[in-house]
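**Q** Attaching a predicted model along with its sequence, questions to come.
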Amino acid sequence: MSIARPYPIRCPKCGAEAEVRLYDSINVGEDPQLREDLMANRLNAVTCGACSFQYRVDKPLLYMDPAREFAVWWTPEGAADPAKADDEYRRMQDSLREAPGRPDLKLHLVHERVELVERIFLLEAGLDERLIEYVKYLIFSKNARKVDPRTRRLLFNAQDSDPESLCFVVQDVESRRLEGVLKYDRKMLSDLETMFANNPTQPLAELFPHPYVSARKLMLD
């Protein structure tokens with residue numbers, strides 16, 4: 001079930017206060033329109049009644065897709081306090097497991113809205129998030145001058161990916177400007193998958209042991 005409740009909000013432009021209903025969780029199996037609202041920036045969007053300024057409220061959100069058996073927990077404060085985000089993730093994981101009648105969902109953790117959208121597309125495509133982040137790690141490592149993880153991120157682009165290659169967009173972290181596209185051969189992806197499957201001494205879970213799976217974070221650490 002999708003859950004929305006009232007929150008006291010102050011307009012960032014004029015300072016007017018209002019109480020608005022914002023979503024804490026969305027179940028796209030029951031409410032598919034909410035997925036479209038999320039992708040179109042309409043979810044948790046507010047129009048100020050005093051000055052008509054339109055803005056989006058970024059707050060913790062649980063995204064659930066029961067048909068594909070996954071959920072994503074987005075906590076916007078995660079990058080500033082990763083330990084707290086990990087604790088919230090584990091509490092949310094326990095809550096999902098204990099909920100009566102709810103299907104078993106694999107829970108993912110993201111810190112930014114762009115990561116939430118990316119993870120949804122990635123999981124809808126049936127891809128392993130750790131394997132894709134390892135591909136990003138390889139791209140970062142081999143293209144450090146062009147794709148510096150200190151200032152750039154790589155985002156999986158489902159729309160432009162095809163049966164021959166995966167597509168990644170290069171984004172400037174500060175400006176959020178999209179700067180280019182990189183492609184990765186799916187045959188190489190398949191070879192990586194086989195390599196990890198045949199080498200249990202180096203599982204992907206050891207490379208990315210935390211709930212927050214990020215090649216960029218691995219490079220920066």
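**A** Alright, I've got the coordinates.

**Q** Just give the number of residues close to residue 140.
**A** A count of neighbours around residue 140, defined by other C-beta atoms under 10 Å, yields 21. The C-beta positions use only the backbone N, C-alpha and C, and glycine is treated the same way.

**Q** and it, that one's in a strand?
**A** No - using DSSP: H, G, I helix; E, B strand; the rest coil, the assignment for residue 140 is helix, not a strand.

**Q** quick one, what contacts it?
**A** By C-beta atoms under 8 Å, 6 or more residues apart in numbering, the contact list for residue 140 reads 147, 149, 154, 215, 216, 219.

**Q** Please, where are all the strands along the chain?
**A** 3-10, 17-27, 45-47, 54-56, 61-65, 70-74, 106-110, 152-156, 165-172, 178-185 (DSSP state E).

**Q** which one of the contacts of residue 140 is nearest residue 76?
**A** Nearest to residue 76 out of the contacts of residue 140 is residue 216 (C-beta to C-beta; 16.9 Å).

**Q** Go ahead and confirm the closest one touches residue 149.
**A** Yes - contact criterion C-beta atoms under 8 Å: residue 216 and residue 149 qualify, at 4.7 Å.

**Q** now the helices for the chain?
**A** Ranges of helices within the chain are 32-39, 82-98, 113-124, 129-142, 186-197, 204-207, 215-220, based on DSSP state H.

**Q** least reliable of the ones you listed going by mean pLDDT?
**A** Across the helices of the chain, helix 204-207 has the smallest mean pLDDT, namely a mean of 85.

**Q** buried set for it?
**A** residue 204 (16 or more other C-beta atoms under 10 Å).

**Q** Test my guess that residue 70 contacts residue 123.
**A** Yes - counting by C-beta under 8 Å, residue 123 is a contact partner of residue 70 at 5.0 Å.

**Q** Check the gap between the residue nearest the centre of the chain and residue 158 for me.
**A** For the chain, residue 116 is the residue whose C-alpha lies nearest the centre (C-alpha atoms, centre = their mean; 2.3 Å). Going from residue 116 to residue 158 by C-beta to C-beta, to the nearest Å gives 14 Å.

**Q** And the most far-flung residue of the chain relative to its centre, what's its pLDDT?
**A** Here the centre of the chain is the reference, and by C-alpha atoms, centre = their mean the most remote residue is residue 50, at 33.1 Å. On pLDDT, residue 50 comes in at 97.

**Q** separation between it and residue 15?
**A** Distance from residue 50 to residue 15, by C-beta to C-beta: 9 Å.

**Q** likewise residue 26?
**A** Relative to residue 15, and taking C-beta to C-beta, residue 26 is found at 29 Å.

**Q** again with residue 60
**A** Distance check for residue 60 against residue 15: by C-beta to C-beta, it reads 24 Å.

**Q** Compare those two (neighbour count), which wins?
**A** Neighbour count, other C-beta under 10 Å: between residue 60 and residue 15, residue 60 has more, with 15 against 10.

**Q** number of nearby residues for the nearest residue to that one once chain neighbours are set aside?
**A** Distances taken as C-beta to C-beta, 6 or more residues apart in numbering place residue 75 nearest to residue 60, at 5.0 Å, with adjacent residues excluded. Residues contacting residue 75 under the criterion other C-beta under 10 Å number 23.

**Q** Repeat that for residue 17.
**A** Burial of residue 17 is recorded as 10 neighbouring residues (other C-beta under 10 Å).
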